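S.K.: Sequence and predicted structure, then a few things I'm wondering about:
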Amino acid sequence: MEIVENPWRRRGLPEDVLSGAPWPSVDADAPEALLAQCPVAGETPLVEVAGFGARLWVKDERARMGLGSFKALGAAYVIAHEAAAQDAGDPGADMSRALEGRTYITASAGNHGLSVAAGAHVFGARAVIYLSDTVPDSFAQRLKAKGAEVVRAGRDYEASMQAASDTATEKGWTLLSDSSWPGYFDLPHRLMEGYLAMAAEAARQMPAPPTHILLQAGVGGLAGACAAYFRQIWGAGPWIVVVEPDAAPALIGSIRAGRPVESAGPVSTMGRLDCKAPSLIALKGLARDSDAFATISDEAAGAVLPELAAQGLATTQSGAAGVAALRLMDLPGDARALCILSEEPET
């Protein structure tokens, strides 16, 4: 594992390199209020896990809203927010048709696509999901089962996102990405706000403030949202570490460079985290809020899976990346660590 302390902590990156990106939201009340109206919403558990030296709690997101990951709080929240706004003047409106005629399009390396598909289905919209060649066909079948149309395009996530963006422009569809880039901020900012429901639950459930928080990152949405919220409520106390695959060091590379940079590397078995370019909103927040950035190998991520499964917490390399990094750190015995188990195992 490589770990680098963040030289931009507290002050953040220079504004002129971030293309006008906003700070991550810390308004957890907004998504929690909307989720309270959803019949399948409910808190996920915080579980204490043995065998990792320091005391460890994991926020178990595997059953979130029946979609198998924290991503259920993202795109589906954006779509629900738009549906509620559409029918704000008619309390008796049929919400199942609130977004009829709308098409949401995105690229996905994993669970984001399921969230788009589920949200679109609930409110009568259409979902089109672009997948790169590296995404397993089993995931394509899961998307189709949720009513999404699936299109294969590109050799990696970045290429599939460009194809989705081009199609959105051509057809006038709504691009709903979980990343952000110059000129594309509004929807991903709202999407990251949805993740605050998870962070707020974890904060209420922790028996005492953590001393260490490890957050896995692809484009950085989960990490950026959670780090901003945890700083809001716990201040400078916790040592926050962002964990990436060593094959996709987009955030750590950007922190080193002092500006957003794209990374290069082979395909990682941490497929949900295998993103070569950072979200600008996430990068802006994490440069201010994170104490350190780390990269781990596919082998290290896989090594903790049997231990977690033995405690009833089966997941993937992506889902366990924060726990895997914790295993490689020499924390004191009185440390209290918080990680997020972000997804269920693949079937």
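M.R.: Alright, I've got the coordinates.

S.K.: what about the stretch 101-250 of the chain, any weak spots by pLDDT?
M.R.: Applying pLDDT under 70 to the stretch 101-250 of the chain flags no residue at all.

S.K.: can you map out the strands along it?
M.R.: For the stretch 101-250 of the chain, the strands defined by DSSP state E, counting those that start in this stretch cover 103-107, 126-131, 149-152, 174-175, 212-216, 239-245.

S.K.: So what touches the last one?
M.R.: Going back to what we said before, that points to strand 239-245. Outside strand 239-245, the residues that touch it by CB atoms under 8 Å, 6 or more residues apart in numbering are 3, 211-218, 220, 223, 227, 230-231, 250-252, 265, 268, 270, 273-274, 286, 289-298, 301, 321-322, 324-325, 329. Every C-beta, even on glycine, is put in place using the N, C-alpha and C of the backbone.

S.K.: Pipe the strands of the stretch 101-250 of the chain into CSV and attach mean neighbour count and distance to Leu313 per row.
M.R.: Converted to CSV, the strands of the stretch 101-250 of the chain look like this (neighbours: other CB atoms under 10 Å; distance: least, CB to CB, whole Å):
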stretch, mean neighbour count, distance to Leu313
strand 103-107, 25, 29
strand 126-131, 24, 27
strand 149-152, 16, 30
strand 174-175, 18, 35
strand 212-216, 26, 15
strand 239-245, 27, 17
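
S.K.: still on that earlier bit, can I have the buried ones of the contacts of strand 239-245 as a ChimeraX selection?
M.R.: Those of the contacts of strand 239-245 that count as buried under 16 or more other CB atoms under 10 Å are selected in ChimeraX with:
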select :211,212,213,214,215,216,217,218,220,223,227,230,231,250,251,252,268,270,273,274,286,289,290,291,292,293,294,295,296,297,298,301,321,322,324,325,329
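
S.K.: Next step: the contacts of strand 239-245 restricted to helices.
M.R.: Of the contacts of strand 239-245, the ones assigned to helices by DSSP state H are 223, 227, 230-231, 250-252, 286, 289, 298, 301, 321-322, 324-325.

S.K.: ok, which pair from these is furthest apart?
M.R.: The span of the ones in helices among the contacts of strand 239-245, defined through CB to CB, is set by Arg231 and Asp298 at 30.1 Å.

S.K.: before we move on, the earlier item: next, format the strands of the stretch 101-250 of the chain as CSV and append distance to Asp27.
M.R.: Below are the strands of the stretch 101-250 of the chain laid out as CSV (distance: least, CB to CB, whole Å):
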stretch, distance to Asp27
strand 103-107, 23
strand 126-131, 26
strand 149-152, 33
strand 174-175, 23
strand 212-216, 19
strand 239-245, 20
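
S.K.: Quick check: which of the ones you listed is nearest to Ser165?
M.R.: Across the strands of the stretch 101-250 of the chain, closest to Ser165 is strand 174-175 (CB to CB), at 5.7 Å.

S.K.: mind giving me the domain split of this protein?
M.R.: Domains of the chain are assigned by automatic domain parsing as 2-69+195-341, 75-177.

S.K.: end to end, how far does the shortest one reach?
M.R.: To tie it back to what came earlier, the one meant is domain 75-177. Chord length of domain 75-177, first to last residue, is 8 Å (CA to CA, to the nearest Å).

S.K.: Now find how far off-centre it is within its chain.
M.R.: Distance of domain 75-177 from its chain centroid, counting by CA atoms, centre = their mean, to the nearest Å, is 16 Å.

S.K.: Numbering from 69 from now on, please.
M.R.: Sure, I'll start numbering at 69, so the last one becomes domain 143-245.

S.K.: Around Ala276, how many other residues sit close by?
M.R.: Neighbours of Ala276 under the rule other CB atoms under 10 Å: 8.

S.K.: since we're on the residue nearest to it when sequence neighbours are not counted, how many residues are nearby?
M.R.: Nearest residue to Ala276, sequence neighbours excluded (CB to CB, 6 or more residues apart in numbering): Arg404, at 6.2 Å. Taking other CB under 10 Å as the criterion, the count of residues near Arg404 is 18.

S.K.: just Arg77 next, same as before
M.R.: 17.

S.K.: Assign it to helix, strand or coil.
M.R.: coil (DSSP: H, G, I helix; E, B strand; the rest coil).

S.K.: Glu412 versus the nearest residue to it once chain neighbours are set aside, what's the distance?
M.R.: Distances taken as CB to CB, 6+ apart place Asp359 nearest to Arg77, at 5.9 Å, with adjacent residues excluded. Going from Asp359 to Glu412 by CB to CB, to the nearest Å gives 29 Å.

S.K.: cool, and Arg299?
M.R.: For Arg299, the distance to Glu412 equals 29 Å [CB to CB].

S.K.: coming back round to it: of the strands of the stretch 169-318 of the chain, which is nearest Gly380?
M.R.: In terms of CB to CB, the element of the strands of the stretch 169-318 of the chain nearest to Gly380 is strand 280-284, at 20.2 Å.
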